[in-house]
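K.L.:
need a 3D model of the following:
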Amino acid sequence: MKQGLLRMVAAGREREAELADLCADEPARADGRWTAKDQLAHVVYWRLRNARLLEAVRSGGELPPSVVDDEQNSIVYAENRDRPAADIKKDEKASWSAMASFVEACAEDDLLKPHPYAPENRLWETVTGDVDHLVAHCASYYLESGEMDRAEAFLRWAHGVARDVLSEPAPRAYSAYNLGCLFARTGRAEEAVSMFRESFEAKPALIDHARQDPDLDPIRGHAELIRLLGG
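P.N.:
Numbers count the residues shown, from 1 in each chain. As a prediction, this is how the structure comes out:
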């Protein structure tokens, strides 16, 4: 597992360079949409925080305090929107180094420890979740920019990496789910249902989330999706 996680971290780091290359110093958008710099600052903040949290669990150190995601996201946006893009990119490099250092320091048993704020998850799922988080934000950025092909390419890449690198089915569930959401949003019902079926089989807890997820609304009348969601 450890070597697979290190390969996933390396793959995520390489792919995130695409988003970093889009970062520029530009004013906040009047419509509230995030710039590439805003997206990068967001994923970097959570990666650094997760790396600190995971190292604290591994070593028995002090945990960072629990936060409410939406509230913290607003704080992160406000703190970073006027920072130079060059500084955000420096943080990005540091965040990947921190995550890789955490995985390197872990024994296999450490990776199986429960997440302190989500005990149903193991620590290793937080590492794979970081890559899924990156991909979700990159896809969102491309979709808002009207670049459907680039969004789909990013999501397909994540699904392929999870399938090729990880033997555990649970983390692959998220990449399948994210790709399914893209297909659902664009009315590609059969492709979406195939991804959701894979996702729910790997992690049934995602069914409850899917029942409320607006991304699925364009295809909610599909008979197989209704069955998968339990009627």
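K.L.:
may I see the buried residues of the biggest helix by length in the chain?
P.N.:
The single longest helix within the chain, with elements called by DSSP state H, is helix 36-59. Residues of helix 36-59 classed as buried by neighbour count (16 or more other Cβ atoms under 10 Å): 36-51, 53-55, 57-58. In this view, the C-beta of every residue, glycine as well, is placed from N, C-alpha and C.
K.L.:
one more: stretch 136-147?
P.N.:
In stretch 136-147, counting by 16+ other Cβ under 10 Å, buried: 136-143.
K.L.:
distance check, E71 against H115.
P.N.:
From E71 across to H115, the span is 20 Å (Cβ to Cβ, to the nearest Å).
K.L.:
paired strands for the lengthiest strand in the chain, with orientation please.
P.N.:
Assignment by DSSP state E gives strand 118-122 as the longest strand of the chain. Paired strands of strand 118-122, with direction, are strand 114-115 (antiparallel) (DSSP bridges).
K.L.:
pretty sure M1 contacts E125?
P.N.:
No. With contact defined as Cβ atoms under 8 Å, M1 does not count as touching E125 (10.8 Å).
K.L.:
so between those two, which is more surrounded?
P.N.:
Set side by side, M1 and E125 show more neighbours around E125, with 20 against 16, by other Cβ atoms under 10 Å.
K.L.:
ok, now which ones touch the more buried one?
P.N.:
For E125, the contact set (Cβ atoms under 8 Å, 6 or more residues apart in numbering) comprises 115, 170-171.
K.L.:
then L225?
P.N.:
By Cβ under 8 Å, 6+ apart, the neighbours of L225 are 189, 192-193, 196, 216, 219.
K.L.:
rerun that using 7 Å as the cut-off
P.N.:
By Cβ atoms under 7 Å, 6 or more residues apart in numbering, the contact set of L225 is 193, 196, 219.
K.L.:
before we move on, what about H159?
P.N.:
175-176, 179.
K.L.:
quick one: it is in a helix?
P.N.:
Yes. Under DSSP: H, G, I helix; E, B strand; the rest coil, H159 falls within a helix.
K.L.:
of the buried residues of stretch 136-147, closest to A10?
P.N.:
Set against A10, the nearest of those by Cβ to Cβ is C138 (17.1 Å).
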